[in-house]
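Undergrad: Sequence and computational prediction follow.
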Amino acid sequence: MNKIWLVVQREFLNRVQKKSFLIATILIPLIFPAIMAALIYLAKEQQKNASQEVIHFVDESGLINESDFKKFALRKFDGPIEDAKRAFSESGDFGLLYVPNIKLSDPTGISLYTKVNPSPSDVSDLESAIESRIREEKMSHFNIDQKILDSLKTNISIQSINLSASGQEKSTDTKVLFGIGMAGGILIYIFIFVYGAQIMQGVIEEKTSKVVEVIISAVRPFQLMLGKILGLASVGLLQFLIWIILISTVSSLVMGYFGLDMPQKEMMEQVANANEYNGNFINIITTLSELPVFYIVASFLFYFLGGYLLYGALFAAVGSAVDSPAEAQQFMFPITIPMLISYFALFTFILDNPHGPISIWLSIIPFTSPIAMMGRIGFGVPTWQLIVSMVSLIGGFMFTTWVASRIYRIGILMHGTKVNYKVLAKWFVMKV
């Protein structure tokens with residue numbers, strides 16, 4: 001155990017003391033706020049200097065009202081559409097809108113002529129304004145008062161309340177739970193890939209530099225592999241925590257500098273303002289306040305570590321078997337298939353039906369549980385399912401570590417060998 005701890009210390013200190021670690025740990029969290037600041041600045045400048053695009057229009061139906069178009073400056077062209085096309089082609093204006101003499105029951109034939117392809121939002125704004133005018137004309141035709149129509153509109157907001165077996169009630173919001181599940185699943189997927197690749201790269205570098213031959217003389221291959229995995233896991237956790245703190249702090253400063261509020265603060269202010277009261281804000285804030293934050297964070301850390309250790313052992317085995325990252329590609333795809341399955345299932349099954357049989361099984365199988373369980377965790381997972389999932393993940397880590405160690409003990413000392421699955425199987429059963 002002492003030797004494993006020494007390897008963990010060595011891996012941790014080697015990574016943490018590198019300039020690349022310091023740069024990545026400090027620079028990456030600053031990149032996101034910097035991008036945010038740049039986008040906010042550009043948006044403000046664009047809004048400040050923006051001028052309305054000019055659209056000429058030929059209206060044979062008499063429907064168009066220039067005041068209905070907020071985004072564009074409309075200028076009426078008196079004359080046939082062919083003359084309007086010629087005049088537009090010689091101008092530097094944005095577009096030409098043609099509204100023929102249409103029937104209200106079948107308003108077809110409306111066209112927009114532009115010199116460049118318009119954006120979907122531009123077309124949508126024009127369509128909305130014309131649709132509103134046609135709706136008004138229809139209401140006028142049928143003598144329908146707008147106030148009557150407005151009084152018929154009813155907004156329904158169903159409050160979701162979780163009722164426990166003991167009778168305790170808790171407000172929930174599926175959108176908030178959806179966001180938590182999606183964010184947790186995606187983060188675990190990314191981190192396992194990133195830090196798993198670091199393990200593989202580190203093993204390959206030590207193997208090719210022959211440093212490992214010196215280390216093996218004092219440490220057993222299994223101890224070296226386990227120490228390397230645990231050491232990089234601690235580096236990943238440290239880096240992750242630093243990123244959270246830095247990104248949160250710097251983002252708050254950036255938003256404050258531009259006179260903007262963080263989403264949480266904005267939400268609180270809108271709820272506090274009686275004139276802008278909205279039941280949806282109350283729902284969201286109540287849900288956030290009642291979420292078991294410690295439970296969710298603790299689950300995330302467990303499944304992050306469990307998934308990382310499970311896949312890290314396999315990445316280490318691949319790194320020990322090859323002499324370069326290019327050779328490792330043939331073994332990477334089979335390892336990552338379960339992760340890809342759980343990632344796509346996160347959006348296909350899990351977030352849509354977190355309590356369905358497919359979601360349950362994916363959250364129990366150790367190779368898919370890190371991502372699948374994080375997708376379900378916010379929706380509430382029965383205790384027995386969580387225990388079975390955690391136990392199976394620990395068992396899966398022990399199994400992959402055992403399999404990887406049997407390949408690692410041989411492969412780490414092999415050089416110049418053409419490796420395939422048959423060779424890996426031979427190393428696995430070989431007695432040393």
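TA: Everything's here; your move.
Undergrad: for the strand or helix carrying residue 398, packing partners?
TA: Assigned by DSSP states H and E, residue 398 belongs to helix 383-411. Helix 383-411 makes packing contacts with helix 221-257, helix 293-321, helix 357-364, helix 369-377, helix 421-429 when contacts are defined by 3 or more CB pairs under 8 Å, 6 or more residues apart in numbering; DSSP states H and E. Glycine gets a C-beta too; all of them are placed from N, C-alpha and C.
Undergrad: Identify each buried residue in the longest one, please.
TA: So the one you mean is helix 221-257. For helix 221-257, burial by neighbour count (16 or more other CB atoms under 10 Å) applies to 221-237, 239-240, 243, 246-247, 250-251, 254-255.
Undergrad: Same check on the fourth one?
TA: For helix 369-377, a neighbour-count test (16+ other CB under 10 Å) marks 369-377 as buried.
Undergrad: okay, the angle between it and helix 293-321?
TA: Computed by axes from the mean of the first three to the mean of the last three CA atoms, to 10 degrees, the angle separating helix 369-377 from helix 293-321 equals 160 degrees.
Undergrad: Contacts for helix 369-377, please.
TA: Where contact means CB atoms under 8 Å, 6 or more residues apart in numbering, the residues beyond helix 369-377 that reach it are 180-182, 184-185, 187-189, 192, 295-296, 299-300, 303-304, 306-307, 310, 339, 342-343, 345-346, 350-351, 354-355, 359, 362-363, 365, 381, 386, 389, 392-393, 396.
Undergrad: Of those, just the buried ones, ChimeraX syntax please.
TA: This is the ChimeraX syntax for the buried subset of these, where burial follows 16+ other CB under 10 Å:
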select :180,181,182,184,185,188,189,192,296,299,300,303,304,306,307,310,339,342,343,345,346,350,351,354,359,362,363,365,381,386,389,392,393,396
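Undergrad: circling back: let me know the closest of the buried residues of helix 369-377 to residue 91.
TA: Closest to residue 91 out of the buried residues of helix 369-377 is residue 375 (53.8 Å), distances taken as CB to CB.
Undergrad: From residue 337, how far off is that closest one?
TA: 18 Å (CB to CB, to the nearest Å).
Undergrad: before we move on, the earlier item: indicate which one of the helices and strands packed on helix 383-411 is closest to residue 176.
TA: Shortest separation from residue 176 across these is recorded for helix 293-321, at 11.3 Å, computed as CB to CB.
Undergrad: After that closest one, which helix or strand is next?
TA: Scanning the chain past helix 293-321 towards its C-terminal end, the next helix or strand to appear is helix 325-345 (assignment: DSSP H and E).
Undergrad: returning to that earlier point: output the helices and strands packed on helix 383-411 as CSV; include the columns mean pLDDT and distance to residue 404.
TA: As requested, those are arranged in CSV below (pLDDT from 0 to 100; distance: least, CB to CB, whole Å):
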stretch, mean pLDDT, distance to residue 404
helix 221-257, 73, 7
helix 293-321, 86, 4
helix 357-364, 92, 22
helix 369-377, 90, 17
helix 421-429, 83, 10
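Undergrad: Adding distance to residue 21, write the ones you listed out as TSV.
TA: Compiled in TSV, the helices and strands packed on helix 383-411 are given as follows (distance: least, CB to CB, whole Å):
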stretch	distance to residue 21
helix 221-257	7
helix 293-321	17
helix 357-364	33
helix 369-377	24
helix 421-429	32
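Undergrad: For residue 94, which of those helices is the nearest?
TA: Nearest to residue 94, of the helices and strands packed on helix 383-411 and by CB to CB, is helix 221-257 at 33.2 Å.
Undergrad: Assign the closest residue to residue 52 other than its chain neighbours to helix, strand or coil.
TA: In space, residue 52 comes closest to residue 73 once its chain neighbours are excluded; the distance is 4.1 Å by CB to CB, 6 or more residues apart in numbering. Following DSSP: H, G, I helix; E, B strand; the rest coil, residue 73 is assigned to strand.
Undergrad: thinking again about what came up before, now the buried residues of helix 369-377 in CSV, please, with extra columns for distance to residue 68.
TA: As requested, the buried residues of helix 369-377 are exported to CSV (distance: CB to CB, whole Å):
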residue, distance to residue 68
369, 55
370, 53
371, 48
372, 49
373, 51
374, 47
375, 44
376, 47
377, 48
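Undergrad: Pick the one among the residues you listed closest to residue 87.
TA: residue 375 (57.3 Å).
Undergrad: So what pairs up with the residue nearest to residue 52 in the strands?
TA: Under the criterion DSSP bridges, residue 73 forms beta bridges with residue 54.
Undergrad: Counting neighbours, what do you get for it?
TA: 14 (other CB atoms under 10 Å).
Undergrad: ok, the closest residue to residue 393 other than its chain neighbours to residue 229 distance?
TA: Closest residue to residue 393 apart from its sequence neighbours, by CB to CB, 6+ apart: residue 306 at 4.2 Å. Separation of residue 306 from residue 229 (CB to CB): 12 Å.
Undergrad: and what of residue 343?
TA: Going from residue 343 to residue 229 by CB to CB gives 22 Å.
Undergrad: so where's the stretch 1-150 of the chain uncertain?
TA: Segments of the stretch 1-150 of the chain classed as low confidence (criterion: pLDDT under 70) are 1, 20, 29, 32-33, 36, 46-51, 146, 149.
Undergrad: swap the cut-off to 80 and go again
TA: By pLDDT under 80, the low-scoring segments of the stretch 1-150 of the chain are 1-52, 65-71, 104-106, 119, 121, 140-150.
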